[in-house]
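*Asks:* Need a 3D model of the following:
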Amino acid sequence: SFTNWKSIISVNREFIGFKNYTMLLTNQYFLNDFKHTLHFTCLYILGANIIGLGMAFLLWRSSRLNNFVRTLAFMPFTVALTSAAIVWSYVYTDITTPLLKIPSPLGISSQVVNGLVIIAIWRDMGYCMLIFIAALQSIPYDYYEAAHVEGANWWHETTHITIPMIVPAFTSNITLLLAWGLRCFDYPMAVARNMSAAETTAMYIYNNIFGFNKAGLGQTAAIIVTIVLVLLTQIVTRVLRRLEVEA
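*Replies:* Numbering: from 1, shown residues only. Presented below is the predicted three-dimensional model:
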């Protein structure tokens, strides 16, 4: 990243110091791609966790029906990211468009990131659900019995017992999805490769290293993204760890 390395097969590397870093931090294309990545990541984390938590509340008790529905909800997580993106591209064009009379979001610059978010949420909400179910099942029932004796209703139990006790599950899900979101590459590469509005930082890195013969610049972008990922993960983890309570 401190050189003007052109190609990964080239042996010529001239040291240029922090020139690549100063160039990227003022490069509009890189900054736009970073904004797209943050937009995708924020919606992805919120959607997958909210839907996963809602399903966990509905399905945390073991029964044949609940176990079956859990399996169905988790199955998308076993699908490859590129396969999920390609399948959903057909869902948008061949199902939602004829039925709802709306165009595919993957073809509209202002909606393409939201379209990719739906794909990512569909694939990973089942994973979040299982983490939340495990956390819900680990809460001692004694707390709820004591709350019943004190006259607490469902809302009090949820806000003062359930949510505080499953904060470790939020920590796990949010940090993992944060990493997955900031490294998003497969979805836009598979179904929106030619749209600048869908380009993420991972695609910017790939294009510069392998497409534009700017390996030094691509490595610089990769290091910047890694630093941002480490910092955000540390901040989120520390904030959520402070909210955790012991059983």
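
*Asks:* Look up the closest residue to Trp122, ignoring the ones flanking it.
*Replies:* Of all residues not flanking Trp122 in the chain, Pro76 sits nearest, at 5.6 Å (Cβ to Cβ, 6 or more residues apart in numbering). Glycine gets a C-beta too; all of them are placed from N, C-alpha and C.

*Asks:* swap that for Met189, please
*Replies:* Of all residues not flanking Met189 in the chain, Met203 sits nearest, at 6.2 Å (Cβ to Cβ, 6+ apart).

*Asks:* What strand or helix carries that neighbour?
*Replies:* In this assignment (DSSP states H and E), Met203 forms part of helix 201-206.

*Asks:* tell me which strands and helices that helix is in contact with?
*Replies:* If you count contacts as 3 or more Cβ pairs under 8 Å, 6 or more residues apart in numbering; DSSP states H and E, helix 201-206 packs onto helix 28-59, helix 186-191, helix 215-243.

*Asks:* swap the cut-off to 6 Å and go again
*Replies:* Using 3 or more Cβ pairs under 6 Å, 6 or more residues apart in numbering; DSSP states H and E as the contact criterion, the elements in contact with helix 201-206 are helix 28-59, helix 215-243.

*Asks:* Now it: average pLDDT?
*Replies:* On average, the pLDDT along helix 201-206 is 94.

*Asks:* And for it, what's in contact with it?
*Replies:* For helix 201-206, contacts defined as Cβ atoms under 6 Å, 6 or more residues apart in numbering pick out 30, 33-34, 37, 183, 185, 188, 218, 221-222, 225.

*Asks:* what about 7 Å?
*Replies:* Identification of contacts with helix 201-206 by Cβ atoms under 7 Å, 6 or more residues apart in numbering yields 30, 33-34, 37, 183-185, 188-189, 218, 221-222, 225.
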